[in-house]
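Visitor: model the following, please.
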Amino acid sequence: MAVLMLIMVINALSYGTIIPLLYSFANRFGITAAGLGLLFASFSFCQFLATPIIGRLSDKYGRRPLLIASLIGTTISLALFASAKNVFMLFIARMLDGITGGNISVAQAVIADSQKPEDRPKFFGFLGAAFGFGFLIGPAVGGVLSKFGPTIPFWFAAFVAGIGSILAILVLPESRVKNSNLVKNKEKLFDFLKLWYALKTPTTGILLIIVLLTSIAQNAFIIGFQSTTVEVLKFSATQIGVIFTILGAVNIVMQTIGIKYLLKFASTQKLLKLSLILGAIVMSLFGFSSSKQAFIIILAIYMFIPPSSPFVTSLISISTKKEDQGGILGLSQSYTSLGQIIGPILAGFVANFYILSSFWLSGVILLFSVLIISRIPTTIKAVDL
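Guide: Sure, this is the predicted structure:
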């Protein structure tokens, strides 16, 4: 577990280093906000297709080889991005990272293999903390390294991911039991029809729609955030890195101490509604932040809005019977991936007319989510899928 956590910290560090700098780097090749949306969407689409398949393959051939292949793919993709000479290479690099980007699901499978059921929640928490730490440090590192050249953060990220690959090869043992029959050979690697059928189930279907809408809104917001800070407010790469670091730190606190405290005063369903209402209002306010002062003030408010993801995931779990937990949470992640595809494309399209309109798009989508929540009954019953 110690080796796995270290590898995951390294992997998250490499990813966190480049995310705040993607737009400013890609802008050197003439990519606009719309182009950035497509760049993000290309990664998410490839990840949407590949991650469930990688998980299935790890059931059949083992966790270790798939985790190694995933980390090596990330290393190569980052090196390609750093050495890109044109827009085509940028897209190839991001698509390769998406195809091999199933290391999170494989890491979760390693925990499921190696830990007792009663200990798994604790270690899943450690895994989340490992990623959170990497994303907390990464943006600051990327911002500092960008002072030495625009490609340096990407080469550093490739180097860090390469270290993770070497560690996995040298010291990570195989955790899958050889006679495991978790996935039968006759089963499909991924059944797209299940995405549609799940929407027809009572309560669960509504929650999955909320997952999709919140993912679209959040990813549209990211595009608006990056294009606004670079093109409108003229923040430097270092300043953007610091902002992402502060966001990451506050987010970790809100997802642990904050949510635990709030649950003492309100139900999960009420907190989800509150999160979406506040998110819709504050995201819309970003659309009026044409000055650095206004942007910073609104950002300070936004950071302390409780994240909706833990609440909606909890409700999805409650609305589904015990034997279907893994399947429904996997489908939930698929809808999150769809949002990562749709959100950047929509944001890029509206940003062509007015850059700050991406924030209004996010606010409207979250407001629509609030209206849908009213259809969820107060008492939720678990159903078969």
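Visitor: okay, now residue 227: neighbour count?
Guide: Using other Cβ atoms under 10 Å, residue 227 has 23 other residues around it. Where you see a C-beta, it was placed from the backbone N, CA and C, and this is true even at glycine.
Visitor: that one is in what secondary structure piece?
Guide: Secondary structure from DSSP states H and E places residue 227 in helix 204-227.
Visitor: who does that helix touch, helix- and strand-wise?
Guide: Helix 204-227 is packed against helix 22-26, helix 33-61, helix 268-286, helix 309-318, helix 325-351, helix 357-373, with contacts defined by 3 or more Cβ pairs under 8 Å, 6 or more residues apart in numbering; DSSP states H and E.
Visitor: how is the protein partitioned into domains?
Guide: Taking automatic domain parsing as the domain assignment, the record places the domains of the chain at 1-172, 193-385.
Visitor: give me the mean pLDDT for the shortest one.
Guide: Per-residue pLDDT over domain 1-172 has a mean of 77.
Visitor: so what's the nearest residue to residue 252 once chain neighbours are set aside up against?
Guide: Distances taken as Cβ to Cβ, 6 or more residues apart in numbering place residue 132 nearest to residue 252, at 4.7 Å, with adjacent residues excluded. Counting by Cβ atoms under 8 Å, 6 or more residues apart in numbering, residue 132 touches 12, 248, 251-252, 255.
Visitor: just to revisit the earlier point, and the helices and strands packed on helix 204-227 as JSON lines, adding distance to residue 173 and mean neighbour count?
Guide: Below are the helices and strands packed on helix 204-227 laid out as JSON lines (distance: least, Cβ to Cβ, whole Å; neighbours: other Cβ atoms under 10 Å):
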{"stretch": "helix 22-26", "distance to residue 173": "35", "mean neighbour count": "21"}
{"stretch": "helix 33-61", "distance to residue 173": "14", "mean neighbour count": "21"}
{"stretch": "helix 268-286", "distance to residue 173": "38", "mean neighbour count": "20"}
{"stretch": "helix 309-318", "distance to residue 173": "30", "mean neighbour count": "20"}
{"stretch": "helix 325-351", "distance to residue 173": "23", "mean neighbour count": "21"}
{"stretch": "helix 357-373", "distance to residue 173": "43", "mean neighbour count": "21"}
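Visitor: now those as CSV including distance to residue 209?
Guide: What follows is the helices and strands packed on helix 204-227, written out as CSV (distance: least, Cβ to Cβ, whole Å):
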stretch, distance to residue 209
helix 22-26, 29
helix 33-61, 17
helix 268-286, 13
helix 309-318, 10
helix 325-351, 8
helix 357-373, 6
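Visitor: of all those helices, which lies closest to residue 302?
Guide: With Cβ to Cβ, the closest approach to residue 302 among the helices and strands packed on helix 204-227 belongs to helix 268-286: 4.8 Å.
Visitor: which other helices and strands contact the closest one?
Guide: When contacts are defined as 3+ Cβ pairs under 8 Å, 6+ apart, helix 268-286 packs onto helix 204-227, helix 292-302, helix 309-318, helix 357-373.
Visitor: can I get those in TSV with mean pLDDT?
Guide: Rendered in TSV, the data for these read as follows (pLDDT from 0 to 100):
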stretch	mean pLDDT
helix 204-227	87
helix 292-302	89
helix 309-318	76
helix 357-373	90
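Visitor: is it possible to get TSV of the ones you listed that adds distance to residue 267?
Guide: What follows is these, written out as TSV (distance: least, Cβ to Cβ, whole Å):
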stretch	distance to residue 267
helix 204-227	15
helix 292-302	24
helix 309-318	9
helix 357-373	12
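Visitor: quick one, which of the ones you listed is nearest to residue 63?
Guide: Closest among these, using Cβ to Cβ: helix 309-318, at 23.3 Å.
Visitor: that closest one to helix 357-373, inter-axis angle?
Guide: Orientation of helix 309-318 against helix 357-373 (axes from the mean of the first three to the mean of the last three Cα atoms, to 10 degrees) gives an angle of 30 degrees.
Visitor: now the angle between helix 204-227 and helix 309-318, please.
Guide: 160 degrees.
Visitor: against which helices or strands is helix 309-318 packed?
Guide: With contacts defined as 3+ Cβ pairs under 8 Å, 6+ apart, the packing partners of helix 309-318 are helix 204-227, helix 268-286, helix 325-351.
Visitor: could you dump the ones you listed to CSV with distance to residue 317?
Guide: Shown next, in CSV, are those (distance: least, Cβ to Cβ, whole Å):
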stretch, distance to residue 317
helix 204-227, 10
helix 268-286, 10
helix 325-351, 6
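Visitor: quick check: which of the ones you listed is nearest to residue 38?
Guide: Nearest of the helices and strands packed on helix 309-318 to residue 38, taken as Cβ to Cβ: helix 325-351 at 6.5 Å.
Visitor: next one: that closest one to chain centre, how far?
Guide: What separates the centre of helix 325-351 from the centre of its chain is 9 Å, taken as Cα atoms, centre = their mean, to the nearest Å.
Visitor: could you export stretch 240-251 as CSV, CA atoms only?
Guide: Taking Å, rounded to 0.1, in the frame of the first residue of the first chain, the C-alpha atoms of stretch 240-251 are listed here in CSV:
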residue,chain,number,x,y,z
ILE,A,240,-2.5,30.8,-12.0
GLY,A,241,-0.5,28.0,-10.4
VAL,A,242,-0.8,29.7,-7.0
ILE,A,243,-4.6,30.1,-7.5
PHE,A,244,-5.0,26.4,-8.3
THR,A,245,-2.8,25.4,-5.3
ILE,A,246,-5.1,27.5,-3.0
LEU,A,247,-8.2,26.0,-4.6
GLY,A,248,-6.8,22.5,-4.0
ALA,A,249,-5.9,23.1,-0.4
VAL,A,250,-9.4,24.5,0.4
ASN,A,251,-11.1,21.7,-1.5
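Visitor: in the stretch 251-385 of the chain, where is pLDDT below threshold?
Guide: Along the stretch 251-385 of the chain, segments meeting pLDDT under 70 span 255-256, 320-330, 377-385.
Visitor: one step back: give the next helix or strand downstream of the helix or strand that contains the residue nearest to residue 252.
Guide: Using DSSP H and E, the element containing residue 132 is helix 120-145. Downstream of helix 120-145, the first helix or strand assigned by DSSP H and E is helix 152-171.
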